[in-house]
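Novice: sequence-free structure coming up:
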Ligand SMILES: *[C@@H]1O[C@H](CO)[C@@H](O)[C@H](O)[C@H]1NC(C)=O
Ligand SMILES: *[C@@H]1O[C@H](CO)[C@@H](O)[C@H](O)[C@H]1NC(C)=O
């Protein structure tokens with residue numbers, strides 16, 4: 001509760017603070033079926049539009065794309081194993097979604 005209140009205060013005070021900078025954290029997931037030379041699932045994490053993590057269904061590994069992201073294992077040794085498991089789960093979920101969409105749109109090919 002204290003944490004929530006603190007975050008709320010940050011949200012209220014933040015925009016008025018002249019030294020505040022806005023950063024972005026984005027994840028893009030791409031699922032496809034039958035596209036030649038393209039993995040069925042790709043997950044990319046970006047901070048301020050810079051790719052920091054990458055996963056695809058060929059490597060089946062979540063991997064760092066920046067040195068500073070690599071160092072996270074100093075604090076969280078199991079970080080990449082955990083992220084890989086999350087991405088494997090996303091890959092399976094999106095694969096089911098693609099199959100559902102193919103059926104609904106009578107798409108027999110890729
Ligand atoms: C990452 O770790 C390496 C090796 O310990 C260190 O030399 C480097 O400064 C670290 N980079 C960052 C951004 O913390
Ligand atoms: C898919 O095929 C079924 C059976 O022919 C048809 O009823 C349905 O409208 C089709 N759906 C689309 C999105 O074309």
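Specialist: Great, that's in hand. From a predicted model like this one, the values you see are computed outputs, not experimental measurements. Ligands and ions are numbered 1, 2, ... in the order given.
Novice: For the biggest helix by length in the chain, which helices and strands make contact with it?
Specialist: The helix of greatest length in the chain, counted in residues with DSSP state H as the criterion, is given as helix 79-104. Packing partners of helix 79-104 (3 or more Cβ pairs under 8 Å, 6 or more residues apart in numbering; DSSP states H and E): strand 25-31, strand 41-47, strand 50-56. C-beta: built from backbone N, CA, C; applies to glycine.
Novice: Flag every buried residue along the last one.
Specialist: When you say that, I think you mean strand 50-56. 52, 53, 54, 55, 56 (16 or more other Cβ atoms under 10 Å).
Novice: Check which strands are paired with it and give the direction for each one.
Specialist: Paired with strand 50-56 in the same sheet, following DSSP bridges, are strand 41-47 (antiparallel), strand 63-64 (antiparallel).
Novice: so of the ones you listed, which one's packed in deepest?
Specialist: Of all these, strand 41-47 has the most neighbours on average by mean count of other Cβ atoms under 10 Å, namely a mean of 18.
Novice: where does it sit relative to the chain's centre, distance-wise?
Specialist: The gap between the average C-alpha position of strand 41-47 and the chain average comes to 5 Å, counting by Cα atoms, centre = their mean, to the nearest Å.
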